[in-house]
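Colleague: How does the following fold in three dimensions:
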Amino acid sequence: MRILASLAIALTLAACSEQSARQALGTLERDRIVLKATANEIIVEQPVPEGTAVAAGTLLVQLDDRRQQAVVAQAKAQLGQAEAHLDELRNGARPEDIAASSARVAGARANLVEARANYQRTQSLVKQRLAAQASLDKALAARDAAEANLESTEEELLRLTNGTRKEQLDQAAAAVQAAAAHLELEKHNLRELSVVATRDAYLDSLPWHVGERLTAGTTVALLLAQERPYARVYVPEPWRTRLHVGDRRPVMVDGIAEPLTGELRWIATDPAFTPYFALNAEDRARLVYLAEFMLEDGEDLPTGVPAQVLLGDD
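Modeller: Presented below is the predicted three-dimensional model:
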């Protein structure tokens, strides 16, 4: 009797083993979307509670944006300054500036006439030995200075009347473009402090609370896509070469009497246990390959439910 009982147990275990070899076990999953903080700021608002279905664009977490608001204001001021400078160069000098420059030229000419006359008088007095050589040197320096001042004022007047060079206009236009780009970047950084749903999804988790300070890169919200779930299962090694992307297989879900249909959308190329080349035939049969079967139905099924993909009857 013991022999018959042992034989029955062995047959039962073998049948179970064969049945397990024709199944890929796993759970129902959905795409997980991880949203992270982009700056070291404090959470000031979480308007949507966990477990809520949200649409794309819904505000989930608001970080303190006062610091970034100031940065945006500064960038706007810099853009306005660059635009004003460009307009100034395009408009050229005002008539009042040109008139003032012309008056400075006239004054410089008059000073030069006086300096030349003074130099000639001093030169005559030195020849007559009525003045020292130092007086002549001083008069010569004053004449040269007057000539240089006249040349400088004439160049300034010429610059005002000729207008702005093209190169200066190009530089000013480039400065405006750079300031505008910087402003857009800072506005983008400001928008990033309002963490919104990037797609229609289920708000699965808010790991932090209002009032907590986060560091950049910290996860602030976890979303689950509201699309059809997929069965993430582990395919036994003997079935790896018989499965191809696009294959359809029945999927059994706990709590659902009738099987659903799943289509293989991805299967791993590497087994779960390595190195596979160092295993014998018996050990290789225990290897599994992670795979995903997208369900054709089951939008209302919860995530995380156990599922089995029936691979075949052979």
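Colleague: count of neighbours near Arg32?
Modeller: Look at Arg32: counted by other CB atoms under 10 Å, it has 13 neighbours. For every residue, glycine as well, the C-beta is placed using N, CA and C.
Colleague: what bridges to it?
Modeller: In this structure, Arg32 has beta-bridge partners Leu224, where bridges are defined by DSSP bridges.
Colleague: Where does the prediction get shaky in the chain?
Modeller: Flagging of the chain using pLDDT under 70 yields the residue ranges 1-21, 92-93, 98, 157, 160-164, 273-285, 313-314.
Colleague: ok, the residue sitting furthest away from the middle of the chain to Arg121 distance?
Modeller: Here the centre of the chain is the reference, and by CA atoms, centre = their mean the most remote residue is Gln128, at 84.7 Å. Look at Gln128 and Arg121: by CB to CB, to the nearest Å, they are 11 Å apart.
Colleague: Check Leu223 too.
Modeller: When distances are taken as CB to CB, Leu223 and Arg121 turn out to be 94 Å apart.
Colleague: mind checking how far stretch 295-314 is from the chain centre?
Modeller: Distance of stretch 295-314 from the chain centroid (CA atoms, centre = their mean, to the nearest Å) equals 37 Å.
Colleague: contacts for that stretch?
Modeller: When contacts are taken as CB atoms under 8 Å, 6 or more residues apart in numbering, the neighbours of stretch 295-314 outside the stretch itself are 22-30, 224, 226-231, 233, 235-236, 239, 242-243, 249-256, 259-263, 291, 293.
Colleague: Okay, and which of those residues map to strands?
Modeller: When strands are assigned by DSSP state E, the members of those inside them are 23-29, 224, 230-231, 233, 235-236, 249-253, 260-263, 291, 293.
Colleague: if we can go back for a sec, looking at Leu223 and Arg121, which one has more neighbours?
Modeller: Per other CB under 10 Å, whichever of Leu223 and Arg121 has more neighbours is Leu223, with 22 against 13.
Colleague: my read: the more buried one touches Val48, true?
Modeller: No. With contacts defined as CB atoms under 8 Å, Leu223 does not count as touching Val48, sitting 10.8 Å away.
Colleague: Now the common contact residues for the two.
Modeller: A shared contact of Leu223 and Val48, defined by CB under 8 Å, 6+ apart, is any residue touching both; here these are 54, 203.
Colleague: Run through the neighbouring helices and strands of the host helix or strand of Ile43.
Modeller: Secondary-structure assignment from DSSP states H and E places Ile43 in strand 43-45. For strand 43-45, the contact count by 3 or more CB pairs under 8 Å, 6 or more residues apart in numbering; DSSP states H and E identifies strand 59-63 as packing neighbours.
Colleague: starting at the chain centroid, how far to the helix or strand just after the strand it packs on?
Modeller: Remark: after strand 59-63, the chain's next helix or strand is helix 66-91, criterion DSSP H and E. Taking the mean of its C-alpha atoms, helix 66-91 sits 23 Å from the chain's own mean (CA atoms, centre = their mean).
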